[in-house]
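Engineer: model this:
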Amino acid sequence: MTLLQVDVTANSDADKALLKRFSLFGPPGIIFFDPRGEERRGLRVVGYQPADDFLKVVNTALGG
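Structural biologist: Numbers count the residues shown, from 1 in each chain. The predicted structure follows:
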């Protein structure tokens, strides 16, 4: 797994375009992609999520 982290707190035009591209309204947003670069539907996390719930998403993304 490769982690990419983008800081969009400056809310620049580029930040806004990136958020729009991925249909996010702002941070935090976590999107998982498969090896082909396609989003793993159903695994998107937007906003705060308790640790146990987030761990389940990560484990699913990892195939566990």
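Engineer: Please name the nearest non-neighbouring residue to Gln49.
Structural biologist: Val57 (7.4 Å; Cβ to Cβ, 6 or more residues apart in numbering). (C-beta placed from N, C-alpha, C; glycine too.)
Engineer: how far is the longest helix along the chain from where the chain is centred?
Structural biologist: Counting by DSSP state H, the longest helix found in the chain is helix 51-61. Helix 51-61 has its average C-alpha position 13 Å from the chain's average C-alpha position, going by Cα atoms, centre = their mean, to the nearest Å.
Engineer: how about it: buried residues?
Structural biologist: Going by neighbour count (16 or more other Cβ atoms under 10 Å), the buried part of helix 51-61 is 57, 61.
Engineer: again, but for stretch 22-32
Structural biologist: Of all the residues in stretch 22-32, those buried under the rule 16+ other Cβ under 10 Å are 24, 29-30, 32.
Engineer: Sketch out the low-pLDDT regions of the chain for me.
Structural biologist: Along the chain, segments meeting pLDDT under 70 span 64.
Engineer: change it to 80
Structural biologist: 1, 26-27, 64 (pLDDT under 80).
Engineer: Would you map the strands across the protein?
Structural biologist: For the chain, strands defined by DSSP state E occupy the ranges 29-30, 45-46.
Engineer: Save those as a markdown table, and put in distance to Gly37 too.
Structural biologist: As requested, these are arranged in a markdown table below (distance: least, Cβ to Cβ, whole Å):
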| stretch | distance to Gly37 |
| --- | --- |
| strand 29-30 | 16 |
| strand 45-46 | 19 |
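Engineer: and Thr2, which of these is closest to it?
Structural biologist: strand 29-30 (13.3 Å; Cβ to Cβ).
Engineer: Kindly tell me how buried Val46 is, as a neighbour count.
Structural biologist: For Val46, the neighbour count with other Cβ atoms under 10 Å is 14.
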